[in-house]
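S.K.: Got a sequence here, can you build the structure:
(chains A, B, C and D)
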2 protein chains.
Amino acid sequence: MFDRRLVAVEPKACKKFLMLDISESVSCRECTKSARCFKTLIPSELDFINQNKTQILYRKGENICKQGAFASYVLYISDGLVKLYLDTPHNKNINLKILKTSEFIGLSSIYGDNIYNYSTVALKDSYMCLLEKDSFRKLLIKNGSFASEIIKWYCENEKQLFKKIQSLGNKQMPGRLADTLIYLYEQSLLEDTLFMHLSRKDIADFAGLSTESTVRLLKELKDDKIIDLNGKQIKILDKEKLKEISRRG
Amino acid sequence: MFDRRLVAVEPKACKKFLMLDISESVSCRECTKSARCFKTLIPSELDFINQNKTQILYRKGENICKQGAFASYVLYISDGLVKLYLDTPHNKNINLKILKTSEFIGLSSIYGDNIYNYSTVALKDSYMCLLEKDSFRKLLIKNGSFASEIIKWYCENEKQLFKKIQSLGNKQMPGRLADTLIYLYEQSLLEDTLFMHLSRKDIADFAGLSTESTVRLLKELKDDKIIDLNGKQIKILDKEKLKEISRRG
DNA sequence: TCAAATTATTGAATAATCTCAATGATTTTG
DNA sequence: CAAAATCATTGAGATTATTCAATAATTTGA
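M.R.: As a prediction, the model looks like this:
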């Protein structure tokens, strides 16, 4: 899976700590978890990235990046599960995405304000590669195919954000929750422990609802046999009906 | 400004018609309205774009692209003013952006689904360059600096969308309207006729409110001497207070 | 393992926002 | 220019969604 030769530093010193890579990490050439865009790189370019990266383990619950913080790296999930969200005061965040192995975090810091525009937190222990922004930038300029793959990512990303805006902007509670459940369910197909890592508040923050409203609606959906609730585990029994609810708004 | 050698075709035949370019349009090499990214192109690349573009005039009120429609071109505003919005049923759209001269429309169709993910409408008569997607793609691959400039655009774009999500997702009416007014006011500094082209419903659709709520809140802001209303014209008298309202949500 | 802390659930009251309907103002069109 | 159409404004009532408070269930940590 990933390089296991990692050692925890001061495991009891504080609740949230980093595991530092004290060994040679997997080189980019041999990495089996590489994103599609890396396929466009020639070996010397891969080596170049390899020389400008660090591997780190983030523990479950740790913030990987924090909205507003100085963005020194582009992060790449070499193996993990991450929640991406917009930070707001009053403990009412907006969850945007679940990120899984082989996805980037903080791409926009390459050319943006040099700060992260969102926060991310590890939903389970996650191994990350930290790539230097400068190196990344150099590669983009040198290799148009690589840059094109990044642009492809942005196209998809934009589409997702539009969907979110549509959902928040003119759907009512049932539609918003349906959108959320459909999204999370699809993610859970790729990462079957997903729901075990999500609280009701997490789901509420995805849908832009209060936790209480979310709980009530989930119960209704259960009573209508559209979903099945079993503790944190959620299963969709009638996806068509959910989609219909999503459509109606 | 732009090439005036344009002739209306069948001006009385239908309310909405295109003016077709029956002359040589301004070549990309000489164009003074070019986006920053075009500066990264060498003359032969500019000529290449030039050979693969068409110029068209869209009349005020005409749809330039329609969400869900087949996306054959990337559009570039050579001179104009455009509203970008998400189409929804029940006549309740979400306005996302005001686009002005030198901005792109439909960039994401380059690598996305081959359909537009949003609609755009000309707020005033607008001259557009239609660029072939294929040519655009070829340039991206060939010229990493060009691609990097496009990525820069995406970074900024993403930031704006996050802002929108924050606003819709956890601000109440006053905060959402304040965000909208601040945004539109800044745009109006660059295009002073802007407000004359916007109805109350347009403003409401930017803020994600009903038209009636928008009207009521605008009146309150006027009574509090935070803005000045004069028909369609809106002026901000106390930007700090508006920002405070935006912050409070 | 047990107590403390956190998370989930439920109901009732409250607040936010929208819809509908009516009227006035402005713009468009023949 | 006058009628028609569209847009702006206002109030009242209905709807949607949140908050607060209380309790139950689950998880965490010593």
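S.K.: Helix, strand or coil: sort out the closest residue to chain B within chain A for me.
M.R.: Here the residue of chain A nearest chain B is A:Ala147; by Cβ to the nearest Cβ that distance is 3.4 Å. Where you see a C-beta, it was placed from the backbone N, CA and C, and this is true even at glycine. Look at A:Ala147: counting by DSSP: H, G, I helix; E, B strand; the rest coil, its state is helix.
S.K.: So it sits against B:Ser148, correct?
M.R.: Yes - the pair A:Ala147 / B:Ser148 is scored as a contact, 6.1 Å apart, by Cβ atoms under 8 Å.
S.K.: Quick check: neighbours shared by these two?
M.R.: Taking Cβ atoms under 8 Å, 6 or more residues apart in numbering or on different chains as the criterion, A:Ala147 and B:Ser148 both touch A:Leu140, A:Ile141.
S.K.: that older thread, so what's the residue of chain A closest to chain B closest to, chain neighbours aside?
M.R.: The shortest distance from A:Ala147 to any non-neighbouring residue, by Cβ to Cβ, 6 or more residues apart in numbering or on different chains, is to B:Ala147 (3.4 Å).
S.K.: Now do that neighbour against A:Lys235, distance only.
M.R.: As judged by Cβ to Cβ, to the nearest Å, B:Ala147 and A:Lys235 stand 43 Å apart.
S.K.: Likewise for A:Ser167?
M.R.: Relative to A:Lys235, and taking Cβ to Cβ, A:Ser167 is found at 22 Å.
S.K.: the more surrounded of the two?
M.R.: Set side by side, A:Ser167 and A:Lys235 show more neighbours around A:Ser167, with 24 against 12, by other Cβ atoms under 10 Å in any protein chain shown.
S.K.: pretty sure the more buried one is in a strand, no?
M.R.: No - with three-state DSSP as the criterion, A:Ser167 is assigned helix and is not in a strand.
S.K.: can you count the residues close to the nearest residue to it once chain neighbours are set aside?
M.R.: Leaving out its chain neighbours, the residue that sits closest to A:Ser167 by Cβ to Cβ, 6+ apart is A:Asp179, at 4.5 Å. Per other Cβ under 10 Å, the neighbour tally for A:Asp179 reads 24.
S.K.: contacting residues for A:Asp179?
M.R.: A:Lys163, A:Ser167, A:Lys171, A:Ala207, A:Ser246.
S.K.: Among the residues you listed, find me the one that's closest to DNA strand D.
M.R.: Each of the contacts of A:Asp179 was scored against DNA strand D by Cβ to the nearest atom of the strand, and A:Lys171 proved nearest at 7.3 Å.
S.K.: follow-up on the earlier one: and the contacts of A:Asp179, which two are the farthest apart?
M.R.: A:Lys163 and A:Ala207 (12.8 Å; Cβ to Cβ).
S.K.: Looking at the two, which has the bigger crowd around it?
M.R.: When neighbours are counted by other Cβ under 10 Å, A:Ala207 comes out ahead of the other of A:Lys163 and A:Ala207, with 28 against 14.
S.K.: Can you name the residues that contact that one?
M.R.: Going by Cβ under 8 Å, 6+ apart, A:Ala207 touches A:Ser167, A:Met173, A:Arg176, A:Leu177, A:Asp179, A:Thr180, A:Thr214.
S.K.: Let's see if you can find the most crowded of those residues.
M.R.: Ranked by neighbour count (other Cβ under 10 Å), these have A:Leu177 at the top, with 29 neighbours.
S.K.: Isn't that residue up against A:Thr214?
M.R.: Yes - counting by Cβ under 8 Å, A:Leu177 does reach A:Thr214; the two are 6.5 Å apart.
S.K.: So the residue nearest to A:Ala147 versus B:Ser72, what's the distance?
M.R.: Applying Cβ to Cβ, the value for B:Ala147 to B:Ser72 is 21 Å.
S.K.: more crowded one of those two?
M.R.: Neighbour comparison, B:Ala147 and B:Ser72: the larger count goes to B:Ala147, with 26 against 13 (by other Cβ under 10 Å).
S.K.: what is in contact with A:Leu177 and A:Thr214 at once?
M.R.: Contact criterion Cβ under 8 Å, 6+ apart; residues shared by A:Leu177 and A:Thr214: A:Ile203, A:Ala207.
S.K.: for chain A, what spans make up the strands?
M.R.: Taking DSSP state E, the strands of chain A run over residues A:7-8, A:18-20, A:53-58, A:63-65, A:73-86, A:94-100, A:104-105, A:119-132, A:227-230, A:233-236.
S.K.: need the ones you listed in TSV with mean pLDDT, can you?
M.R.: Output for the strands of chain A, formatted as TSV (pLDDT from 0 to 100):
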stretch	mean pLDDT
strand A:7-8	32
strand A:18-20	42
strand A:53-58	91
strand A:63-65	94
strand A:73-86	95
strand A:94-100	97
strand A:104-105	96
strand A:119-132	94
strand A:227-230	96
strand A:233-236	96
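S.K.: Return the residues of chain A in contact with DNA strand D.
M.R.: Neighbours of DNA strand D within chain A, by Cβ under 7 Å from any atom of the strand: A:Lys15, A:Lys92, A:Gln172, A:Met173, A:Pro174, A:Gly208, A:Leu209, A:Ser210, A:Glu212, A:Ser213, A:Gly231, A:Lys232.
S.K.: Go back to these and keep what's next to DNA strand C.
M.R.: A:Glu212, A:Lys232.
S.K.: Widest-spaced pair of the residues of chain A next to DNA strand D?
M.R.: Greatest spacing in these, by Cβ to Cβ: A:Lys15 and A:Gln172 (39.3 Å).
S.K.: And these two? Which one has more around it.
M.R.: Using other Cβ under 10 Å, the more surrounded residue of A:Lys15 and A:Gln172 is A:Gln172, with 11 against 8.
S.K.: Kindly list the main-chain dihedrals of that one?
M.R.: Here is the backbone geometry of A:Gln172 (degrees, to the nearest 10): phi -90, psi -180.
S.K.: Need the pLDDT of the nearest residue to it once chain neighbours are set aside.
M.R.: In space, and not counting its chain neighbours, A:Gln172 is closest to A:Gly249: 6.0 Å by Cβ to Cβ, 6+ apart. Predicted confidence (pLDDT) for A:Gly249: 89.
S.K.: do you know how far the residue minimising distance to the centre of chain A is from DNA strand C?
M.R.: Most central in chain A under Cα atoms, centre = their mean is A:Leu99, positioned 2.3 Å from the mean C-alpha point. Remark: distance between A:Leu99 and DNA strand C (Cβ to the nearest atom of the strand, to the nearest Å) = 20 Å.
S.K.: Which residue, neighbours along the chain excluded, lies closest to that residue?
M.R.: Nearest residue to A:Leu99 in three dimensions, chain neighbours excluded: A:Val82, at 4.2 Å (Cβ to Cβ, 6+ apart).
S.K.: Surely the one you found is in contact with A:Asp125?
M.R.: No - using Cβ under 8 Å, A:Val82 is not in contact with A:Asp125; the gap is 11.0 Å.
S.K.: Compare the two (neighbour count), which wins?
M.R.: Neighbours were tallied for A:Val82 and for A:Asp125 using other Cβ under 10 Å; the higher tally belongs to A:Val82 (23 against 15).
S.K.: for that one, what are its contacts?
M.R.: By Cβ under 8 Å, 6+ apart, the neighbours of A:Val82 are A:Ile64, A:Ile98, A:Leu99, A:Lys100, A:Glu103, A:Ile105, A:Thr120, A:Val121, A:Ala122, A:Leu123, A:Ser126.
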